[in-house]
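K.L.:
Just the structure for this:
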Amino acid sequence: MVKADIKDIVKIPHGVEIHVDPTTITVKGPKAELKRRITSPVIKITKTHDELHLDLKKASKREKMMLKTLKAHVNNMIKGVQEEFEYKLKICSGHFPITVSFEKGEFTVKNFLGESIPRKKKLNQKVNIEIKGNDITVVGHDKETTGQAAASIEAITRMTDKDRRRFQDGIFIVSKAGKKI
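P.N.:
Numbering: from 1, shown residues only. So this is what the prediction gives:
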């Protein structure tokens, strides 16, 4: 296992501020403020005027992966404080009409496959959910919480005991953060 010094740079765009503490990174922008906890003690983070330097001395393969993951998280935070991430879901009901609602942080699916008990899921308050007909839009500044909310909505209608080729009812993600699936 060969160890090498690794240095990576994240450019800070105009209008975005980054504060680095020993345990957290805070990114402030025109639309939001995001915080992330740093769990790696071996990654050295320094900030200059318009750049964030991520350094590792004698890094192994695992530490290099941690550095690249942290860089991706910081880039997502920078993008998130400038614009919102959007996930779109589609309600598909072939057997029974599905009724969905979102009130007080709780997403509810009624009459899924004729079930009398509604399926419910508490969701993060940091995301905005809009329901129009058979389309659901999940919007938020943090990519992780927005994606997790969309995945949780999709998981509410997951079936394990029916043939998916015949019972194609459910709520499905059709686009992730601007990319069609």
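K.L.:
Does the spatially most central residue of the chain fall in a helix, a strand, or a coil region?
P.N.:
The residue lying closest to the centre of the chain (Cα atoms, centre = their mean) is residue 144, at 2.2 Å. For residue 144, the assignment made with DSSP: H, G, I helix; E, B strand; the rest coil gives helix.
K.L.:
same question, the one 10 residues further on
P.N.:
When the structure is split into helix, strand and coil by three-state DSSP, residue 154 lands in helix.
K.L.:
what's the answer for residue 55, then?
P.N.:
Secondary structure, three-state DSSP: residue 55 is strand.
K.L.:
With adjacent residues omitted, what lies nearest to the residue nearest to the centre of the chain?
P.N.:
residue 76 (7.8 Å; Cβ to Cβ, 6 or more residues apart in numbering). Where C-beta positions appear, they are placed from N, C-alpha and C, glycine not excepted.
K.L.:
Does the one you found touch residue 146 like I think?
P.N.:
No. Here residue 76 does not reach residue 146: they are 10.3 Å apart, not a contact under Cβ atoms under 8 Å.
K.L.:
which one of those two has more residues nearby?
P.N.:
When residue 76 and residue 146 are compared on other Cβ atoms under 10 Å, the one with more neighbours turns out to be residue 146, at 24 against 19.
K.L.:
That one and residue 176: what is the separation?
P.N.:
The gap separating residue 146 from residue 176 is 9 Å, by Cβ to Cβ, to the nearest Å.
K.L.:
Need the residues touching each of these two.
P.N.:
Residues touching both residue 146 and residue 176 by Cβ atoms under 8 Å, 6 or more residues apart in numbering: residue 87.
K.L.:
would the residue nearest to residue 144 count as being in a helix?
P.N.:
Yes. Judged by three-state DSSP, residue 76 forms part of a helix.
K.L.:
got a pLDDT number for it?
P.N.:
What the model reports for residue 76 is a pLDDT of 93.
K.L.:
Repeat that for residue 129.
P.N.:
We have a pLDDT of 93 for residue 129.
K.L.:
I figured it hits residue 138, correct?
P.N.:
Yes. Between residue 129 and residue 138 there is a contact at 5.5 Å, judged by Cβ under 8 Å.
K.L.:
So if I had to pick from these two, which one is more boxed in?
P.N.:
Ranked by neighbour count (other Cβ under 10 Å), residue 129 and residue 138 place residue 138 first, with 26 against 20.
K.L.:
Hmm, residue 84 and that one touching each other?
P.N.:
No. Using Cβ under 8 Å, residue 138 makes no contact with residue 84, being 10.1 Å away.
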